[in-house]
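>>> Next comes the sequence, and after it the predicted model I'd like to discuss.
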Amino acid sequence: MSTFAAREAKNEFGRLLDTVQRETVMIEKKGRPVAVIMSVDEFKRLEEAEDALWEVLAKASESEGLASPEESEKFLASLR
């Protein structure tokens, strides 16, 4: 993961966008992390992983009798 100072990110936005296509970038302001920027492909991959995790959790909950399929589906839809 690369790190850019906030001012550097502002002044070199084109280079920041190029870097984000290869790796996630952390933005720091006054030496402390304030943001993370990632490519659209990486963001989509993380969304898919999160959806898969929630599906596993919902199925586990359902098998333990904690929620019906309808309740699980409604809950998952509310998170999106």
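Here it is on my side, so go on.

>>> what's the distance between the residue of the chain most remote from its centre and Pro33?
Centroid-distance maximum for the chain: Gly65 at 30.0 Å, with C-alpha atoms, centre = their mean. Counting by C-beta to C-beta, to the nearest Å, the gap from Gly65 to Pro33 is 42 Å. No exception for glycine: its C-beta is placed from N, CA and C like everyone else's.

>>> In the protein, where is pLDDT below threshold?
Along the chain, segments meeting pLDDT under 70 span 67.

>>> Could you rerun that using 80?
61-69, 72, 80 (pLDDT under 80).

>>> Show me where the chain has its helices.
Applying DSSP state H to the chain gives helices spanning 6-11, 13-20, 40-63, 69-79.

>>> Can you add distance to Ile27 and mean neighbour count and give the ones you listed back as CSV?
Shown next, in CSV, are the helices of the chain (distance: least, C-beta to C-beta, whole Å; neighbours: other C-beta atoms under 10 Å):
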stretch, distance to Ile27, mean neighbour count
helix 6-11, 5, 14
helix 13-20, 8, 13
helix 40-63, 16, 12
helix 69-79, 26, 11
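
>>> Which one, of the ones you listed, ends up nearest to Met26?
Closest of the helices of the chain to Met26 is helix 6-11, at 9.9 Å (criterion: C-beta to C-beta).

>>> list the contacts for Met38?
Shown in contact with Met38 (C-beta atoms under 8 Å, 6 or more residues apart in numbering): 20, 24-25, 46.

>>> Phi first, then psi, for it.
Met38 adopts backbone torsions of phi -140, psi 160, taken as degrees, to the nearest 10.

>>> how close does it sit to Glu48?
Noted for Met38: a distance of 14 Å to Glu48, by C-beta to C-beta.

>>> about what we covered before: how about the helices of the chain in a markdown table, adding distance to Lys29?
Shown next, in a markdown table, are these (distance: least, C-beta to C-beta, whole Å):
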| stretch | distance to Lys29 |
| --- | --- |
| helix 6-11 | 4 |
| helix 13-20 | 14 |
| helix 40-63 | 22 |
| helix 69-79 | 30 |
